[in-house]
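*Asks:* Provide a 3D model corresponding to the input given below.
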Amino acid sequence: MIQDKLHFLSEVSDILTKDIDTTVLADELKSLLSGFKGFKGLNLYVFDNITNTMRDCINSWSIIEDGSEVYKSFESIKGQDFVINSKGYKLPAVVSDITLKITTLCMPIVKDAKDFGIMELSFEENTPVNMEFLFLMKIFASQVSLKLQNIVLNEQSKINVEFHDSMKNIAKIIETQYELNYIVPIIGEMLDRFITDHLIYVFLKQEDGFRLVWPKACNDERIFDILNKLTPETEYILSSNDKIGAFPLLSEEGEITGCIVARSTLDALSKRDISYLEQLTRQSGITISRANSYSKILQYATIDALTNLNNRRQFEHRLGQEIATTKRQNNPLCAMMIDIDFFKKVNDTYGHASGDAVLRGVAAIIKSALRESDIPSRYGGEEFAVLLPYTHIDEAKIVGERLRKAVEASPIPINDEDSKVKSIKVTISMGLAEFNNNETGEELFERADKALYEAKESGRNRVCIN
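*Replies:* Next up, the predicted model:
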């Protein structure tokens, strides 16, 4: 019998030395425990002191509802060795011949001599167990406790690393971007990926109130009620049930420039969530404030700071000039709209610094593949617009195909030290349209944009003509 116990504890030790998550840990422990008569299942629960919630370690660390049997067992086990069939039980000083009939057996998961969770074993109804088995289970539970402590610590360390990465990425955006319509969705996506249990909304302040800029819709009127209560002195505002939190974005002068809202229909914001959101909002506020300042400085500039192509404002000015010239001289004119395929995936996979490198690289290829008289511009985000004066549509198609192939054949070098790769290959989709005298410049590019949409819908990495 002693050999059987030693063999069991040895196998437990072998399992606990593996680098595995709680789901795999539970599966292997269940397989080992299945050798005991009447055993049916195992559950692991850990109490999170930061969020004041009990978490199911096996099922994605989901929250256990207050008042459940798990909470009752957790309360009953304090000061006891076991909870057997919902009643607390302490082992005697020596092994006796007592036999108990059990259906559920709960054992404390201990950290620093304090209970921080429960291991729950279920058995067929009224399964008989003796004192030797219970002593063995006490040793078993203490071994598993140490493993769970390490797993919880590793999970927390992973969250801290992701938090600091998010802070660094938000700070880096302003190095090359200044268009709010471009950087705000990026910040929203970063926060949304980090604060996974809550929906994230980003609002910008306007004269008549707050305007939602990410995502596209917010139908919860409670959020707008909270926004109206914000002042520059507000650290944050929580709803009465703590499931909605509003964190103001402040300029470096202390003025409200917007607000980040976290909302959940299930879980309240924890102290940890609030702390992270305060810091992320502070960093986002600085980034957005500087973007506003840069935008004012650059509103009269003609060159896009990242790509060195014409910016949107200069493009619209040149478009008006070329339309006037075309009408006056009756020369051909074509418009080209270009979009980098799956650009969001580049940002998500390699980071936004790598995404900026791709934008610069594609812009350089576009510029090198065009004539001196052509007018390339960064239209916004990952879109480019090109004017091709003195060009018919069949000639534009040749230029477009040459440009498409050049991008496809040219890996973009990535010089960012934080990037996982040294180069990235991308492709582009393109839409073309030729000007006719019955339309405006805006209508010309609307047709080119429709052709671009067709190119993306029909498989990407191709040129389509309107």
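*Asks:* quick one, what contacts Ala369?
*Replies:* 399, 402-403, 406 (Cβ atoms under 8 Å, 6 or more residues apart in numbering). All C-beta spots, glycine's among them, are computed from the backbone N, C-alpha and C.
*Asks:* Return the distance of the closest residue to it other than its chain neighbours relative to Ala396.
*Replies:* Counting by Cβ to Cβ, 6 or more residues apart in numbering, Ala369 lies nearest to Leu403, which is 4.5 Å off, once chain neighbours are set aside. Distance, Leu403 to Ala396, by Cβ to Cβ, to the nearest Å: 10 Å.
*Asks:* I'd like the distance from stretch 243-256 to the chain centre, please.
*Replies:* 21 Å (Cα atoms, centre = their mean, to the nearest Å).
*Asks:* typed the wrong thing, it's stretch 114-130
*Replies:* Relative to the centre of its chain, stretch 114-130 is centred 38 Å away, using Cα atoms, centre = their mean.
*Asks:* which residue is nearest the centroid of this protein?
*Replies:* Arg193 (1.6 Å; Cα atoms, centre = their mean).
*Asks:* Let me know the next secondary structure element after the helix or strand harbouring it.
*Replies:* For Arg193, the host element (DSSP states H and E) is helix 180-194. Using DSSP H and E, the helix or strand that follows helix 180-194 towards the C-terminus is strand 199-206.
*Asks:* in that next one, what's buried?
*Replies:* 199-205 (16 or more other Cβ atoms under 10 Å).
*Asks:* Return the residues in contact with the residue of the chain most remote from its centre.
*Replies:* Centroid-distance maximum for the chain: Asp97 at 56.6 Å, with Cα atoms, centre = their mean. Counting by Cβ under 8 Å, 6+ apart, Asp97 makes contact with 130-131.
*Asks:* Check it and give its pLDDT.
*Replies:* As summarised for this prediction, Asp97 has a pLDDT of 79.
*Asks:* try Thr281
*Replies:* Here the pLDDT value assigned to Thr281 is 86.
*Asks:* and it, what element?
*Replies:* helix 271-298.
*Asks:* relative orientation of that helix and helix 180-194 in degrees?
*Replies:* 170 degrees (axes from the mean of the first three to the mean of the last three Cα atoms, to 10 degrees).
*Asks:* Can you tell me which helices and strands helix 271-298 packs against?
*Replies:* Judged by 3 or more Cβ pairs under 8 Å, 6 or more residues apart in numbering; DSSP states H and E, the packing partners of helix 271-298 are helix 131-173, helix 180-194, strand 244-250, strand 256-263.
*Asks:* okay, whatever helix or strand comes next after it in PDB with CA atoms only?
*Replies:* As assigned by DSSP H and E, the chain's next helix or strand after helix 271-298 is helix 312-329. The C-alpha trace of helix 312-329 is given here as PDB (Å, rounded to 0.1, in the frame of the first residue of the first chain):
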ATOM      1  CA  ARG A 312      -4.200  64.800 -48.800                       C
ATOM      2  CA  ARG A 313      -4.600  68.500 -48.800                       C
ATOM      3  CA  GLN A 314      -1.900  69.000 -51.500                       C
ATOM      4  CA  PHE A 315      -3.400  66.200 -53.500                       C
ATOM      5  CA  GLU A 316      -6.800  67.900 -53.600                       C
ATOM      6  CA  HIS A 317      -5.200  71.200 -54.700                       C
ATOM      7  CA  ARG A 318      -3.200  69.500 -57.500                       C
ATOM      8  CA  LEU A 319      -6.400  67.600 -58.600                       C
ATOM      9  CA  GLY A 320      -8.200  70.900 -59.100                       C
ATOM     10  CA  GLN A 321      -5.300  72.200 -61.200                       C
ATOM     11  CA  GLU A 322      -5.100  69.100 -63.400                       C
ATOM     12  CA  ILE A 323      -8.800  69.000 -64.000                       C
ATOM     13  CA  ALA A 324      -8.700  72.600 -65.100                       C
ATOM     14  CA  THR A 325      -5.700  71.900 -67.400                       C
ATOM     15  CA  THR A 326      -7.400  68.800 -68.800                       C
ATOM     16  CA  LYS A 327     -10.600  70.600 -69.700                       C
ATOM     17  CA  ARG A 328      -8.800  73.600 -71.200                       C
ATOM     18  CA  GLN A 329      -6.400  71.600 -73.300                       C
END
